[in-house]
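[1] Predicted structure and sequence below. I'll ask about it afterward.
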Amino acid sequence: MSQVNTELGRSSTATISLGETAVRTLAGVASGAISMNNLRGKSNVAFTPDGGTSAGSRVPLSDFGILYASVQIDCNQSAVWTWSGGGSGSYVSVASGGSASSIIFEVSASPFGGFEYASFTVQATAGGITRYWSVELTAEDNS
């Protein structure tokens, strides 16, 4: 039960019961009999937006904006973010291999007109769960 407490973000020694709502939600058992077997392999990790479950099933994210484009991915726990790619005028809030509960990808248009494009492949791991995305950003300065 200490591992269940930890997965729920609690102290490992906190008072817990199998019938409480948070434990049932983690186990995926809304009502009726519940056992420790229902909790095996379960994770309380959530990414928003959720990513693909393999590098071959990356979830595509994109943004197009005037002067600026941005995509943010959040996790309900601290995750290790690994990414590659980029482009002129691009910025990433977390270094590849760094840890944080969210990451922001941005690109800014050149102040002299035209557009900037950035492309990234991204993966994040938290609590033994890994997810994958592809991010494409385009910013245009039409002045």
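    Arrived safely, thanks for sending.
[2] now for the lengthiest strand in the chain, which elements pack on it?
    Using DSSP state E to assign secondary structure, the strand with the most residues in the chain is strand 68-86. Under the contact definition 3 or more CB pairs under 8 Å, 6 or more residues apart in numbering; DSSP states H and E, strand 68-86 sits against strand 47-48, strand 59-66, strand 98-108, strand 114-126, strand 129-141. C-betas here are computed from N, CA, C, even on glycine.
[3] angle of that strand against strand 59-66?
    Between strand 68-86 and strand 59-66, the angle comes out at 130 degrees (axes from the mean of the first three to the mean of the last three CA atoms, to 10 degrees).
[4] average pLDDT for strand 68-86?
    Across strand 68-86, the average pLDDT comes to 96.
[5] What of stretch 32-42?
    Mean predicted confidence for stretch 32-42 is 90.
[6] Domain-wise, how is this protein divided?
    What automatic domain parsing lists as the domains of the chain is 2-39, 47-141.
[7] weakest of those in terms of mean pLDDT?
    domain 2-39 (a mean of 89).
[8] Flag every buried residue along it.
    4-5, 7, 16, 18, 23-24, 26-27, 29, 34, 38-39 (16 or more other CB atoms under 10 Å).
[9] Equivalent analysis for stretch 77-84, please.
    77, 79-83.
[10] rewinding a little: wait, which of the helices and strands packed on strand 68-86 is closest to residue 88?
    With CB to CB as the measure, strand 114-126 is the member of these nearest residue 88 (5.5 Å).
[11] what angle separates the closest one from strand 129-141?
    Going by the same axes, to 10 degrees, strand 114-126 makes 170 degrees with strand 129-141.
[12] Extract the C-alpha set from strand 114-126 and format it as CSV.
    Extracted in CSV, the C-alpha atoms of strand 114-126 (Å, rounded to 0.1, in the frame of the first residue of the first chain):
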residue,chain,number,x,y,z
GLY,A,114,8.6,36.5,-43.7
PHE,A,115,8.1,33.4,-41.6
GLU,A,116,10.0,31.1,-39.3
TYR,A,117,9.4,27.3,-39.0
ALA,A,118,10.5,24.9,-36.2
SER,A,119,10.0,21.2,-36.0
PHE,A,120,10.7,18.9,-32.9
THR,A,121,10.5,15.3,-32.0
VAL,A,122,9.6,14.9,-28.3
GLN,A,123,9.4,12.2,-25.7
ALA,A,124,8.7,12.4,-22.0
THR,A,125,9.0,9.9,-19.2
ALA,A,126,7.4,10.1,-15.7
